[in-house]
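>>> need a structure here:
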Amino acid sequence: MRGKIFTVLCLVALVSDAAEAAGAPKALLGKSIVVSWNESRVQKAEGESESQTVSLSSQLNIYVSSAGRAFTRLVRTRSGYRGRGGRSGMFERDPGGARSTGVRAGGTSFTGQTMALYTVFESGARQILIDFDSSFSSCEAKISHGKEGGAAMHQTSLISGRRLEVASITVSGVSCSVKEGNVFGGA
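Okay, here's the model as predicted:
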């Protein structure tokens with residue numbers, strides 16, 4: 001099953017950023033979508049011998065411009081551990097913009113009432129599918145991660161900047177909402 005998920009995610013990754021030009025539905029123009037979720041990850045930093053379970057909360061803000069271009073901001077927060085406070089990191093991307101360290105490809109596409117966002121990491125991938133109701137006023141999101149066979153995913157942490165070897169990711173608490181206007185505060 002995981003091999004199939006990885007294959008599907010890699011096929012989606014072959015779609016170029018030009019897919020954004022295929023256009024967002026008119027009902028989404030000038031609106032924002034906010035997707036939040038939690039992850040429980042078994043991972044270790046490169047060079048470390050022992051894995052640890054890490055809890056992260058993530059929020060993905062998306063603004064679809066009047067030209068149908070999707071602008072995104074992902075904020076991740078790691079809860080405090082070992083008596084320390086929480087830490088967070090952020091990545092912003094405009095259509096056709098630079099990729100973050102450790103991300104080989106990424107993009108957004110629209111098909112009917114579904115928006116798909118994908119990210120291909122150094123190894124492994126993530127896909128976020130957002131399904132909208134008929135009026136594009138509410139949504140549901142599904143988040144999946146894929147990797148090859150028994151291999152770990154390799155990513156660069158948004159929080160620490162360290163290279164990570166991720167053995168597994170369990171997603172929970174996914175929520176999705178649609179808001180009028182630009183979630184980033186611009187026009």
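>>> can I assume residue 151 sits in a helix?
No. Under the criterion used here (DSSP: H, G, I helix; E, B strand; the rest coil), residue 151 is coil, not part of a helix.
>>> my read: it touches residue 123, true?
Yes. In this structure, residue 151 is within contact of residue 123 by CB atoms under 8 Å, at 6.5 Å. The way it works is simple: take the backbone N, C-alpha and C, and place the C-beta from them, glycine included.
>>> Those two: who's more crowded?
Per other CB atoms under 10 Å, whichever of residue 151 and residue 123 has more neighbours is residue 123, with 17 against 13.
>>> Distance of that one relative to residue 167?
Distance check for residue 123 against residue 167: by CB to CB, to the nearest Å, it reads 12 Å.
>>> Pull up the overlap in contacts between those two.
Common contacts of residue 123 and residue 167 (CB atoms under 8 Å, 6 or more residues apart in numbering): residue 152.
>>> what sits up against the lengthiest strand in the chain?
Taking DSSP state E as the assignment, the strand of the chain that covers the most residues is strand 163-180. Residues outside strand 163-180 that contact it (CB under 8 Å, 6+ apart) are 30-46, 51, 102, 122, 124, 130, 132, 136-145, 152-157.
>>> cutoff 6 Å now
For strand 163-180, the external contacting residues (CB atoms under 6 Å, 6 or more residues apart in numbering) are 31-46, 51, 137, 139-141, 143, 145, 152-153, 155-157.
>>> Just the buried subset of the residues you listed, please.
For the contacts of strand 163-180, a neighbour count by 16 or more other CB atoms under 10 Å gives the buried set as 31-37, 39, 41, 43-44, 51, 139, 141, 143, 145, 152-153, 155-157.
>>> Let's test this: mean pLDDT of the longest strand of the chain, rounded?
In this model, strand 163-180 carries a mean pLDDT of 93.
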